[in-house]
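In: Quick one, structure for this:
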Amino acid sequence: MKNILMLLLGVGITIALVSHYVHSPDAIADIDWEQSIVPGKLSAAHAFLDNDCESCHTPIEGIERDNCVTCHANDSHITQRQPTAFHTDISECTTCHTEHGGRGAKISTMDHRALTTIGLGMLGQFKDPNHEGAIAKAFLGDLLASGRMPGSLFVHPDVSAEEVLLNCSTCHKNDDRHFSLFGQDCVQCHRTDQWSLPEFLHPSNQSRDCNQCHEAPPSHYMQHFKMISAKVAGEPKAPVEDCFACHQSTSWNDIKRAGWYKHH
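Out: This next block holds a predicted model:
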């Protein structure tokens with residue numbers, strides 16, 4: 001239905017333009033037919049394609065993956081990074097990347113539901129284990145190998161049934177600020193549209209179990225800790241594991257008896 005409406009809109013605009021210029025054949029020849037039906041300006045990154053619609057749009061078919069690959073196949077900063085490596089064999093681009101929103105528009109949006117749908121669809125494409133897509137299949141297999149089922153008990157209530165199937169650590173292992181202390185099942189606590197946890201209530205300042213969640217920085221295992229850090233906090237004999245002896249729960253740099261102190 002959407003394609004039919006777009007087609008009718010295009011035909012309507014064309015008829016209107018032709019009617020307007022019917023008494024001036026020379027003017028008709030000067031019409032920029034492509035620009036007459038553009039739904040909006042391209043982003044700044046693609047502005048150079050303003051007058052070259054067929055770079056992205058294939059007549060009748062629309063936007064195809066191969067048109068994107070023509071320019072982006074050598075974007076190694078995307079294809080060689082662990083979190084974005086799946087782009088190498090992704091079969092469809094427009095779900096997460098949309099254009100014609102204007103020069104300042106952001107053309108990339110992360111849709112985890114769409115990623116699940118695309119991944120499940122792609123897994124069925126690679127029958128031959130020696131096929132060049134076997135690496136992609138292995139990656140997608142990991143991506144969807146969370147082992148959870150929709151409706152699983154320990155899942156953030158704002159995570160959808162499709163997103164529950166994702167194995168977050170496949171893409172976000174390098175983002176783990178918990179150093180794997182909480183395991184790799186991120187959706188137990190996190191939703192997929194933000195890392196922060198507005199509903200999280202930190203234990204009180206009196207808690208003595210800090211090291212169950214927090215790992216000390218490398219400097220705390222060097223001479224620097226005894227010579228400077230512990231002395232500044234007024235706890236020269238405090239062991240590294242006793243985070244509560246020096247730190248406030250408001251921030252790592254909020255040191256007891258010293259206040260806000262940037263010491264690293």
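
In: Now the residue nearest to the spatial centre of the chain, what are its backbone angles?
Out: For the chain, the residue nearest the mean C-alpha position is residue 110 (4.4 Å; CA atoms, centre = their mean). Note on residue 110: backbone dihedrals following degrees, to the nearest 10 are phi -90, psi 120.

In: how close does the residue nearest to it when sequence neighbours are not counted get to residue 233?
Out: Excluding the flanking residues, the one nearest residue 110 by CB to CB, 6 or more residues apart in numbering is residue 96, at 6.6 Å. Using the backbone N, CA and C atoms, a C-beta is placed for each residue, glycine as well. Per CB to CB, to the nearest Å, residue 96 is found 46 Å from residue 233.

In: about what we covered before: please look at the residue nearest to the centre of the chain and residue 86 and confirm they touch.
Out: No: counting by CB atoms under 8 Å, residue 110 does not reach residue 86; the two are 12.0 Å apart.

In: Break down the stretch 151-264 of the chain into its strands, ranges please.
Out: 254-255, 259-260 (DSSP state E, counting those that start in this stretch).

In: And the chain, split by domain according to the record?
Out: Using automatic domain parsing, the domains assigned to the chain come out as 1-37, 112-188, 210-260.

In: Torsion angles phi and psi at residue 119?
Out: The phi/psi pair for residue 119 (degrees, to the nearest 10) is phi -60, psi -40.

In: before we move on, what about residue 205?
Out: Backbone torsions of residue 205, given as degrees, to the nearest 10, read phi -60, psi -20.

In: just the one 4 residues further on next, same as before
Out: Comment: the main-chain dihedrals of residue 209 come out as phi -110, psi 30, following degrees, to the nearest 10.
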